[in-house]
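Engineer: Sequence and computational prediction follow.
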Amino acid sequence: MTIQTVLLLILIGLAAGTLSGFVGVGGGVIMVPALMYVMGMSQHMAQGTSLFLMLFPIGILAVMNYHKAGEINWTFGIIIACAFVFGGYFGSKLALRMSPHVVKLIFGILMLYVAGRMIYKGYNGYTVEKQTTSIAEE
């Protein structure tokens with residue numbers, strides 16, 4: 001493995017980790033496309049690698065910070081984590097039975113849908129906040 005490859009992997013990890021700690025995403029949204037388009041991995045290889053790295057290192061320090069701030073719902077987290085284990089197992093089985101092109105298409109559509117909803121809700125929230133601020137100033 002070259003130094004350039006190691007540095008690219010470190011940059012991808014830093015970007016994904018930063019976004020994961022910042023807004024709760026990173027693994028799929030950053031890691032999978034980065035591994036595919038920067039590192040040349042297949043869709044399946046990128047997804048598997050992304051899931052592998054989320055096993056331990058992403059969570060521990062970010063969880064400590066959110067715990068200290070009192071920003072973790074442990075009950076919800078435990079329930080979701082248990083379901084996540086099974087969902088991850090069955091989701092990976094399904095993905096590995098499908099063509100990487102189909103998985104890539106589904107992944108892209110999902111990201112586009114989520115991005116569109118977030119942009120729409122963010123814009124609406126911003127305009128409501130702006131209107132409320134304008135009314136309060138009058």
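Structural biologist: Great, that's in hand. Computed from a predicted structure; not experimentally measured.

Engineer: Could you use CA atoms for every contact and neighbour count after this?
Structural biologist: Noted.

Engineer: how about the nearest residue to residue 32, chain neighbours excluded?
Structural biologist: residue 46 (5.1 Å; Cα to Cα, 6 or more residues apart in numbering).

Engineer: The longest helix along the chain: which residues count as buried?
Structural biologist: Taking DSSP state H as the criterion, the chain has its longest helix at helix 100-137. By neighbour count on 16 or more other Cα atoms under 10 Å, the buried set for helix 100-137 is 103, 104, 107.

Engineer: before we move on, what about stretch 85-101?
Structural biologist: Buried, per 16+ other Cα under 10 Å, within stretch 85-101: residue 95.

Engineer: now the helices: where do they sit in this structure?
Structural biologist: 3-23, 32-37, 43-53, 57-68, 74-97, 100-137.

Engineer: Any chance of CSV for those, columns mean pLDDT?
Structural biologist: CSV is the format used below for those (pLDDT from 0 to 100):
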stretch, mean pLDDT
helix 3-23, 78
helix 32-37, 85
helix 43-53, 80
helix 57-68, 76
helix 74-97, 81
helix 100-137, 80
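
Engineer: As JSON lines, the buried residues of helix 100-137 with distance to residue 63 would be great.
Structural biologist: As requested, the buried residues of helix 100-137 are exported to JSON lines (distance: Cα to Cα, whole Å):
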{"residue": "103", "distance to residue 63": "30"}
{"residue": "104", "distance to residue 63": "30"}
{"residue": "107", "distance to residue 63": "27"}
